[in-house]
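Undergrad: okay, sequence plus prediction incoming.
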There are 2 protein chains.
Amino acid sequence: MISKELLKGSLKSIILKLLKENGRMYGYEITQKVDEITSGKIQLTYGALYPILHKLEKDGTVTTDNESVNNRTRVYYKLTKQGQSTAMEKIKELEEFIDTIRTILKPDFGLNNAIC
Amino acid sequence: MISKELLKGSLKSIILKLLKENGRMYGYEITQKVDEITSGKIQLTYGALYPILHKLEKDGTVTTDNESVNNRTRVYYKLTKQGQSTAMEKIKELEEFIDTIRTILKPDFGLNNAIC
DNA sequence: TTGCAATATATAAGAATCTTATATATTATA
DNA sequence: TATAATATATAAGATTCTTATATATTGCAA
């Protein structure tokens, strides 16, 4: 399990990446997907997830449409056109971030990091 | 420049990594070193740095000794024996973290991530 | 010689983010 | 019939970091 402390700040970028990858997702689905991809190492809590999704909707990054499946309401989230660019920027930034962290972690390998 | 948002949560681990690497450092030196290694992409602010260092001292992860150089006081920080284990755990966790993020970012490469 | 950049540490107020706990409701399974 | 899984939501609190500010010395440039 990755400590929640480390995760701080990257949750939004992770959500945007998944939305870009999968097109249209609902909250519960996002938590399941993250759990699946990371083999349980990252577990998104609902108290973190929903406030982020609501904020993304508020600032126009995503739009929602509701769907009722087996009498349970699902709120689907999808990137807007503007949200597509936001997502790309955030994902690029996240890539740059982990590359930079790797530079700190493996100073011996230096520029070889570029290979990966 | 890496956004400060992404950095949240990983600063402590970065500081511990540098202390493990260099043995004995003072605060200002740590900010310079991070700036140098990351080519200016990560810039540690003093408002973040010193509270972290003070906390590490308080919980026994580091010890300090003062030195006066050119009439300016330097506070040197060094890992304690207990701090060595803490640092190793935190660094391992940070490595696991970036590996996991890479899994999310590059789902196509799958297990090949292990090569790097 | 005067002012600015660099060196060096420190803290307080506030913003932002996330955790923990709680609430609600349905369906399927044991 | 009770529990697990599905599904969303929010409030209170902790934590972490940003921004601003304070202090003090040295060296360099105008």
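TA: Thanks, I have the structure now.

Undergrad: the host helix or strand of residue A:99 near chain B at all?
TA: Following DSSP states H and E, one finds residue A:99 within helix A:81-105. Yes: interface with chain B: helix A:81-105 contributes A:91, A:93-98, A:100-105 (CB under 8 Å from any CB of the partner chain). For glycine as for every other residue, the C-beta is placed from the backbone atoms N, C-alpha and C.

Undergrad: residue B:44: which of these is nearest?
TA: Nearest to residue B:44 out of these is residue A:104 (CB to CB; 11.5 Å).

Undergrad: ok, the closest residue in space to residue A:38 that isn't next to it in sequence to residue B:22 distance?
TA: Leaving aside its sequence neighbours, residue A:38 sits nearest to residue B:100 (CB to CB, 6 or more residues apart in numbering or on different chains; 5.0 Å). Remark: distance between residue B:100 and residue B:22 (CB to CB, to the nearest Å) = 27 Å.

Undergrad: which of the two has more neighbours?
TA: Each of residue B:100 and residue B:22 has its neighbours counted (other CB atoms under 10 Å in any protein chain shown); residue B:100 has more, 22 against 12.

Undergrad: the more buried one is in contact with residue A:1, isn't it?
TA: No: Residue B:100 is beyond contact range of residue A:1, at 10.1 Å (criterion: CB atoms under 8 Å).

Undergrad: tell me, what's touching those two both at once?
TA: Both residue B:100 and residue A:1 are in contact with residue A:41, where contact means CB atoms under 8 Å, 6 or more residues apart in numbering or on different chains.

Undergrad: can you redo the residues of helix A:81-105 next to chain B as TSV with distance to DNA strand D and pLDDT?
TA: Below are these laid out as TSV (distance: CB to the nearest atom of the strand, whole Å; pLDDT from 0 to 100):
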residue	distance to DNA strand D	pLDDT
A:91	20	96
A:93	14	96
A:94	16	96
A:95	19	96
A:96	15	96
A:97	13	96
A:98	16	95
A:100	14	96
A:101	13	96
A:102	18	95
A:103	18	95
A:104	14	96
A:105	16	95
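
Undergrad: burial measure for residue A:54, as a count.
TA: Count around residue A:54 with other CB under 10 Å applied: 14.

Undergrad: ranges for the helices of chain A?
TA: Here chain A has its helices, by DSSP state H, at A:4-7, A:11-22, A:27-37, A:46-58, A:81-105.

Undergrad: how about the fourth one: buried residues?
TA: Meaning helix A:46-58. A:48, A:49, A:52, A:53, A:56, A:57 (16 or more other CB atoms under 10 Å in any protein chain shown).

Undergrad: likewise the shortest one?
TA: Buried residues in helix A:4-7, counted by 16+ other CB under 10 Å: A:6, A:7.

Undergrad: the longest one now?
TA: The neighbour-count criterion (16+ other CB under 10 Å) identifies A:83, A:86-87, A:90-91, A:93-95, A:97-105 as the buried residues of helix A:81-105.

Undergrad: just to revisit the earlier point, and the residues of helix A:81-105 next to chain B near DNA strand C, which?
TA: Among the residues of helix A:81-105 next to chain B, not one lies near DNA strand C by CB under 7 Å from any atom of the strand.

Undergrad: pick out the residue closest to the middle of chain A.
TA: residue A:14 (1.6 Å; CA atoms, centre = their mean).

Undergrad: so what's it up against?
TA: Per CB under 8 Å, 6+ apart, neighbours of residue A:14: A:34, A:42, A:94, B:101, B:104.

Undergrad: quick one: which of these is nearest DNA strand C?
TA: Closest approach to DNA strand C among the contacts of residue A:14 (CB to the nearest atom of the strand): residue A:42, at 9.3 Å.
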